[in-house]
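> What follows is a predicted structure for the sequence shown.
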Amino acid sequence: MTEPENNPLSTRRSAIKTIAGASVLAGISLPCTILVGSKDKTTPPFHTDALHAGIAGSRLVRVPGAGHTVNWEAADVIVAEIEALAGRG
């Protein structure tokens, strides 16, 4: 089954595949934490796994029980991760 040409989700998938497969990720040298909800149905695990694998030294955090809107569902986790990344946690 092919997706419609102007499908926004298809465009995002294509962009993620392009970025995750490119040397762009290898060029990221800043500290990086990738946050994803364990029940996120919009962002498949292979996307965040690819980002994590492509960014040396990155940290992948799967937020238990959270879906795609981690910022609403687990804001405390995001704040804690930002503080830890900034060296305050």
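Perfect, I can see it now. The structure presented is a predicted model; accordingly, all values stated were derived computationally and were not measured.
> Let me see the contact set for K39.
Residues near K39 by C-beta atoms under 8 Å, 6 or more residues apart in numbering: 65-67. For the C-beta atoms, the positions are set from N, CA and C on the backbone; glycine is no exception.
> Kindly recompute the last result at 6 Å.
By C-beta atoms under 6 Å, 6 or more residues apart in numbering, the residues touching K39 are G67.
> quick check: mean pLDDT across stretch 25-39?
The predicted model gives stretch 25-39 an average pLDDT of 91.
> so where do the strands sit in this structure?
33-37, 59-63 (DSSP state E).
> G54 reaches L25, doesn't it?
Yes: between G54 and L25 there is a contact at 3.1 Å, judged by C-beta atoms under 6 Å.
> Identify whichever of the strands of the chain lies nearest to A84.
For the strands of the chain, proximity to A84 was assessed by C-beta to C-beta; strand 33-37 is nearest, at 7.7 Å.
> who does that closest one touch, helix- and strand-wise?
helix 45-54, strand 59-63 (3 or more C-beta pairs under 6 Å, 6 or more residues apart in numbering; DSSP states H and E).
> rerun that using 8 Å as the cut-off
helix 45-54, strand 59-63, helix 70-73, helix 75-85 (3 or more C-beta pairs under 8 Å, 6 or more residues apart in numbering; DSSP states H and E).
> in its sheet, what does that strand sit against?
strand 59-63 (parallel) (DSSP bridges).
> buried sites along the strand it pairs with?
Neighbour-count burial for strand 59-63, counted by 16 or more other C-beta atoms under 10 Å, picks out 60-61, 63.
> re the thing from before, distance to A86 added to the strands of the chain, as a markdown table?
Converted to a markdown table, the strands of the chain look like this (distance: least, C-beta to C-beta, whole Å):
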| stretch | distance to A86 |
| --- | --- |
| strand 33-37 | 10 |
| strand 59-63 | 13 |
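> Off-centre distance for stretch 28-48?
2 Å (C-alpha atoms, centre = their mean, to the nearest Å).
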